[in-house]
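Participant: need a structure here:
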Amino acid sequence: MTDQLKIEMNRRFGIAPTDVRVVRSPYRICPLGAHIDHQLGQVTAMAIDQAVYLAFAPSGDANTHLQSLTFEGEISFALDAVPDKTDGDWGNFPRGAVRALQREGHKLTCGITGLTAGRMNEGGLSSSAAIGVAYLLAYEEANDLSLSPADNIRLDQAIENGYLGLKNGILDQSAILLSEKGFLTVIDCASATHELIPRSNIMPDFDILIAQSGLREALVSTGYNTRVDECARAARILLSAVGRSDREPLLGNITFEEYEMHKNLLSDALAKRARHFFTESERVRLGIDVWGAGDLKTFGRLIAESGRSSIENYECGSKPLIDLYRILIETDGIYGARFSGAGFRGCCVALVNPQKSSAAIEQVQSAYGDKHPDLSKNAPVFICQPDAGVRIL
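Facilitator: Next up is the predicted model:
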């Protein structure tokens with residue numbers, strides 16, 4: 001892919017291959033920690049060996065010119081006249097990256113000429129965070145800025161929260177920027193710190209199976225932001241009950257004991273959101289322990305329980321996605337499965353015995369095709385592996 005992009009950069013823009021840099025920004029999975037990053041919970045993640053790519057070179061002036069192997073058209077804008085967001089426009093990501101850098105006081109004088117490749121609408125695998133991080137690194141490289149991973153986590157969250165209007169936490173960006181191959185990345189969203197837990201030598205091998213639902217819809221138009229708001233409402237009620245109304249209304253600012261004492265104050269819906277937060281937090285804690293011990297069977301069971309809580313307590317999902325989850329957990333060789341990403345469209349992720357991967361793919365495709373023949377035509381099921389985080393090649 002790198003060589004192909006450099007050749008295309010030369011053909012389209014006349015830039016010598018030796019002057020082209022390529023950012024490889026991977027997708028991610030979150031085995032445990034569903035929907036709790038935005039509530040200051042602890043989450044787990046891995047980068048995978050599927051990625052978006054951004055080939056780029058400094059433009060030599062304050063203008064940006066971008067094309068894509070995935071999307072039609074060309075994106076052009078000046079650094080001193082960045083347009084506002086346009087719904088459905090792939091140019092939102094480079095524009096958002098520039099806005100985020102400028103608002104933190106970074107002086108940008110050089111734009112980029114670039115070409116993107118990869119499946120940019122890979123629902124559930126955080127393609128939006130992956131391409132956002134790629135643009136941040138490209139602009140930083142072109143302008144001789146040296147920023148830390150922590151800086152870029154904050155900046156990419158600013159792209160998604162401030163420019164795109166998505167109320168997510170720091171899971172996606174952290175996984176993309178911090179993951180290392182062979183480790184489980186554990187992210188404490190309250191302290192913005194992370195730990196890399198090595199895979200035990202006694203853990204059996206596993207493949208990562210990605211099963212797409214075939215549904216495509218931007219996160220800001222799903223129920224994602226509504227669920228975040230419901231968590232805030234639950235936290236506000238609980239904080240008031242314990243005399244801490246001055247704290248930010250996030251469930252991470254409530255202890256489990258306080259939740260148990262005052263959960264009767266919550267409506268049924270808000271109680272379910274809080275229940276998911278606290279039970280998922282416990283699954284993360286247990287999951288870290290069993291990962292370190294090499295207990296893949298229990299780790300997989302916890303993933304499946306996370307998926308069930310996402311349906312029953314967080315009440316996300318759609319009929320196709322729920323059907324896909326149920327098919328996966330009944331498929332031979334699957335250790336565990338759950339929704340990936342926001343959990344309203346996108347995909348499910350599963351860990352599978354490598355010796356049964358091929359049969360599992362066939363079984364999932366067949367069963368999902370029977371239930372949703374139209375969607376299944378555009379719902380690939382494929383295998384990937386854990387990999388390292390973002391890098392400039």
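Participant: what ranges do the strands span in the stretch 1-150 of the chain?
Facilitator: Using DSSP state E, counting those that start in this stretch, the strands of the stretch 1-150 of the chain run over 21-29, 42-58, 63-68, 75-78, 112-117.
Participant: mind listing what the shortest one pairs with, with the direction of each?
Facilitator: So the one you mean is strand 75-78. strand 63-68 (antiparallel) (DSSP bridges).
Participant: pLDDT of the partner strand, averaged?
Facilitator: Mean pLDDT, strand 63-68: 97.
Participant: cool, stretch 236-253 as well?
Facilitator: On average, stretch 236-253 scores 98.
Participant: Would you tell me which of the strands of the stretch 1-150 of the chain gets closest to F299?
Facilitator: strand 42-58 (9.7 Å; C-beta to C-beta). To be clear about C-beta, it is placed using only N, CA and C from the backbone, and glycine gets the same treatment.
Participant: Distance check, G223 against Q102.
Facilitator: For G223, the distance to Q102 (C-beta to C-beta, to the nearest Å) stands at 32 Å.
Participant: which of these two has more neighbours?
Facilitator: Using other C-beta atoms under 10 Å, the more surrounded residue of G223 and Q102 is G223, with 18 against 15.
Participant: Now do that one, the pLDDT please.
Facilitator: 76.
Participant: try G343
Facilitator: Value for G343, per-residue pLDDT: 54.
Participant: A360 is in what secondary structure piece?
Facilitator: Using DSSP states H and E, A360 falls within helix 357-371.
Participant: Quick one: distance of that helix to the chain centre.
Facilitator: 25 Å (C-alpha atoms, centre = their mean, to the nearest Å).
Participant: Likewise for stretch 106-119?
Facilitator: 21 Å.
Participant: in that stretch, what's buried?
Facilitator: 106, 108, 110-118 (16 or more other C-beta atoms under 10 Å).
Participant: Stretch 184-192 now?
Facilitator: 184-189.
Participant: could I have that stretch exported to CSV, CA atoms only?
Facilitator: Extracted in CSV, the C-alpha atoms of stretch 184-192 (Å, rounded to 0.1, in the frame of the first residue of the first chain):
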residue,chain,number,x,y,z
LEU,A,184,-3.6,-5.5,26.0
THR,A,185,-3.8,-1.7,26.3
VAL,A,186,-5.5,-0.6,29.5
ILE,A,187,-6.7,3.0,29.6
ASP,A,188,-7.7,4.8,32.7
CYS,A,189,-10.0,7.5,31.3
ALA,A,190,-10.2,9.4,34.6
SER,A,191,-6.4,9.9,34.9
ALA,A,192,-5.7,9.7,31.1
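Participant: what mean pLDDT does it have?
Facilitator: Computed over stretch 184-192, the mean pLDDT rounds to 95.
Participant: swap in stretch 348-361?
Facilitator: Mean predicted lDDT for stretch 348-361 stands at 98.
Participant: what about G369, how many residues close to it?
Facilitator: By other C-beta under 10 Å, 14 other residues sit near G369.
Participant: what's the closest non-adjacent residue to it?
Facilitator: S376 (4.1 Å; C-beta to C-beta, 6 or more residues apart in numbering).
Participant: Distance of the one you found relative to A211?
Facilitator: In terms of C-beta to C-beta, S376 sits 10 Å off from A211.
Participant: which strands and helices sit next to the helix holding A360?
Facilitator: Contacts defined by 3 or more C-beta pairs under 8 Å, 6 or more residues apart in numbering; DSSP states H and E place helix 357-371 against strand 207-212, helix 319-329, helix 373-376, strand 381-384.
Participant: Any chance of JSON lines for the ones you listed, columns mean pLDDT and mean neighbour count?
Facilitator: Converted to JSON lines, the helices and strands packed on helix 357-371 look like this (pLDDT from 0 to 100; neighbours: other C-beta atoms under 10 Å):
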{"stretch": "strand 207-212", "mean pLDDT": "96", "mean neighbour count": "24"}
{"stretch": "helix 319-329", "mean pLDDT": "95", "mean neighbour count": "21"}
{"stretch": "helix 373-376", "mean pLDDT": "93", "mean neighbour count": "15"}
{"stretch": "strand 381-384", "mean pLDDT": "96", "mean neighbour count": "17"}
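Participant: Of all the ones you listed, which one is nearest L250?
Facilitator: Nearest of the helices and strands packed on helix 357-371 (C-beta to C-beta): helix 319-329, 26.2 Å.
Participant: mind listing what the very next helix or strand once past that closest one pairs with, with the direction of each?
Facilitator: Following helix 319-329 in sequence order, the next helix or strand is strand 334-340 (DSSP H and E). Sheet pairing for strand 334-340, assigned by DSSP bridges, gives strand 347-352 (antiparallel).
Participant: sorry, back to before: what's the most distant pair in the buried residues of stretch 184-192?
Facilitator: Farthest apart among the buried residues of stretch 184-192 - using C-beta to C-beta - are L184 and C189, which lie 15.7 Å from each other.
Participant: quick one: S281 from K85, how far?
Facilitator: S281 is 33 Å from K85, by C-beta to C-beta.
Participant: Those two: which is more packed in?
Facilitator: Counted by other C-beta under 10 Å, S281 and K85 do not tie: S281 has more neighbours, with 21 against 16.
Participant: what residues are up against the more buried one?
Facilitator: 36, 41-42, 256 (C-beta atoms under 8 Å, 6 or more residues apart in numbering).
Participant: I'd like those laid out as a markdown table, including pLDDT, distance to D295 and neighbour count.
Facilitator: Below are those laid out as a markdown table (pLDDT from 0 to 100; distance: C-beta to C-beta, whole Å; neighbours: other C-beta atoms under 10 Å):
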| residue | pLDDT | distance to D295 | neighbour count |
| --- | --- | --- | --- |
| I36 | 95 | 22 | 28 |
| G41 | 96 | 22 | 24 |
| Q42 | 97 | 19 | 24 |
| F256 | 97 | 24 | 13 |
